[in-house]
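Engineer: following is a predicted model, sequence given first.
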Amino acid sequence: MAQHSRIARIATALITLPFLLLAILFAISNRATVEITLWPLPYAVTLPLFVTILAMLFIGFLIGAGFMWVEVLRARRQIRILRRVADQQEQELNRLRRDKRLAVDPDGVPNLPASGKPAQTAFTTPTTH
């Protein structure tokens with residue numbers, strides 16, 4: 001387990017560090033200022049270009065994370081429903097097994113119906129003669 005954790009940390013570092021380096025180089029290269037306005041509003045903000053672009057990337061990341069979060073919640077809900085169904089089916093299976101055991105007399109011989117043939121159940125296959 002500790003080995004898996006160490007590998008995960010190394011992989012994370014190998015992925016994160018190049019992106020961090022690119023972000024730093026981008027910030028150093030794009031220090032010019034730009035004026036940001038939103039058309040219906042009368043306000044304007046002057047920011048360095050790299051702040052504007054990195055802020056938009058971060059906002060896009062947050063929006064994507066929000067959509068992913070909604071999907072994860074939906075998947076977890078589906079898992080809860082399927083677990084509930086599986087538990088109900090397991091209880092039904094246990095009940096059927098218990099009922100099948102009760103259908104056997106104390107000598108271990110199944111109770112036969114009046115016809116003398118074993119009753120057809122979901123657990124037996126029909127025989128043809």
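Structural biologist: Okay, I see it.
Engineer: which parts of the chain are strands?
Structural biologist: 33-37, 44-48 (DSSP state E).
Engineer: please state the offset of the first one from the chain centre?
Structural biologist: Centroid displacement of strand 33-37 relative to its chain, using Cα atoms, centre = their mean, to the nearest Å, is 41 Å.
Engineer: turn the strands of the chain into a markdown table, columns for distance to residue 92.
Structural biologist: Every C-beta, even on glycine, is put in place using the N, C-alpha and C of the backbone. Shown next, in a markdown table, are those (distance: least, Cβ to Cβ, whole Å):
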| stretch | distance to residue 92 |
| --- | --- |
| strand 33-37 | 62 |
| strand 44-48 | 64 |
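Engineer: what's the closest non-adjacent residue to residue 29?
Structural biologist: Leaving aside its chain neighbours, residue 29 sits nearest to residue 50 (7.9 Å; criterion: Cβ to Cβ, 6 or more residues apart in numbering).
Engineer: quick one, the helix or strand of the chain with the lowest mean pLDDT and strand 44-48 angle?
Structural biologist: Sorting the helices and strands of the chain by mean pLDDT, DSSP states H and E puts helix 2-29 at the bottom, at a mean of 90. Helix 2-29 and strand 44-48 are oriented at 110 degrees to each other (axes from the mean of the first three to the mean of the last three Cα atoms, to 10 degrees).
Engineer: packing partners for helix 2-29?
Structural biologist: helix 49-102 (3 or more Cβ pairs under 8 Å, 6 or more residues apart in numbering; DSSP states H and E).
Engineer: if we can go back for a sec, wait, what's in contact with the residue nearest to residue 29?
Structural biologist: 26, 27, 29, 30, 31 (Cβ atoms under 8 Å, 6 or more residues apart in numbering).
Engineer: quick one: the least confident helix or strand of the chain to helix 49-102, angle?
Structural biologist: Using the same axes, to 10 degrees: helix 2-29 against helix 49-102 is 160 degrees.
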